[in-house]
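Colleague: requesting a structural model of the entry that follows:
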Amino acid sequence: MKLSDIFTETSFQVALLVGGLLLYLLVPNSIKPYVGLVMGLYIIASFFGETLSSAKERGWKEEAK
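Modeller: Residues are numbered from 1 along each chain as shown. As a prediction, this is how the structure comes out:
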């Protein structure tokens with residue numbers, strides 16, 4: 001198992017999002033925008049990663065070129 005495979009595991013993603021939510025609730029107000037930004041960027045990157053891996057599995061990435 002490669003390190004990149006861990007980030008696509010659903011259980012890891014859920015644990016990271018729940019941890020981010022708890023961190024967001026526990027940190028002071030001055031840091032909350034940064035925690036929200038990091039979690040938002042992770043969600044966006046995760047979405048694009050899943051989309052690309054799905055496209056590779058289906059062979060759509062090669063067809064689009």
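
Colleague: distance of residue 59 relative to residue 41?
Modeller: 29 Å (CB to CB, to the nearest Å). For every residue, glycine as well, the C-beta is placed using N, CA and C.

Colleague: try residue 54
Modeller: With CB to CB as the criterion, residue 54 and residue 41 are 20 Å apart.

Colleague: just want the most central residue of the chain.
Modeller: Geometric centre of the chain, nearest residue: residue 46, 3.2 Å, by CA atoms, centre = their mean.

Colleague: what about that one, which helix or strand?
Modeller: Per DSSP states H and E: residue 46 is located in helix 32-58.

Colleague: tell me the contacts of residue 36?
Modeller: Residue 36 sits next to residue 24 when contact means CB atoms under 8 Å, 6 or more residues apart in numbering.

Colleague: model confidence for it, exactly?
Modeller: Note for residue 36: predicted pLDDT of 84.

Colleague: repeat for residue 63
Modeller: Note for residue 63: predicted pLDDT of 59.

Colleague: which regions of the chain sit below the pLDDT cut-off?
Modeller: For the chain, the stretches flagged by pLDDT under 70 are 1, 3-5, 7-8, 60-65.

Colleague: repeat that with 50
Modeller: Across the chain, nothing is flagged by pLDDT under 50.

Colleague: ok now the helix holding residue 46, how far from the chain's centre?
Modeller: Distance of helix 32-58 from the chain centroid (CA atoms, centre = their mean, to the nearest Å) equals 4 Å.

Colleague: mind listing what's buried in it?
Modeller: Using 16 or more other CB atoms under 10 Å as the test for burial, helix 32-58 gives 35, 39.

Colleague: equivalent analysis for stretch 15-31, please.
Modeller: Judged by neighbour count (16+ other CB under 10 Å), stretch 15-31 contains these buried residues: residue 20.

Colleague: can I get the CA coordinates of it in PDB?
Modeller: C-alpha atoms of stretch 15-31 as PDB (Å, rounded to 0.1, in the frame of the first residue of the first chain):
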ATOM      1  CA  ALA A  15     -11.600  10.600  10.500                       C
ATOM      2  CA  LEU A  16      -9.700  13.700   9.100                       C
ATOM      3  CA  LEU A  17     -12.900  15.600   8.600                       C
ATOM      4  CA  VAL A  18     -14.200  14.800  12.000                       C
ATOM      5  CA  GLY A  19     -10.900  15.700  13.500                       C
ATOM      6  CA  GLY A  20     -10.900  19.000  11.600                       C
ATOM      7  CA  LEU A  21     -14.400  19.700  12.800                       C
ATOM      8  CA  LEU A  22     -13.400  19.100  16.400                       C
ATOM      9  CA  LEU A  23     -10.300  21.200  16.000                       C
ATOM     10  CA  TYR A  24     -12.500  24.000  14.500                       C
ATOM     11  CA  LEU A  25     -14.800  23.900  17.500                       C
ATOM     12  CA  LEU A  26     -12.000  23.900  20.000                       C
ATOM     13  CA  VAL A  27      -9.600  26.500  18.700                       C
ATOM     14  CA  PRO A  28      -9.800  30.200  19.500                       C
ATOM     15  CA  ASN A  29     -11.800  32.500  17.100                       C
ATOM     16  CA  SER A  30      -8.600  34.100  15.800                       C
ATOM     17  CA  ILE A  31      -7.400  30.800  14.300                       C
END
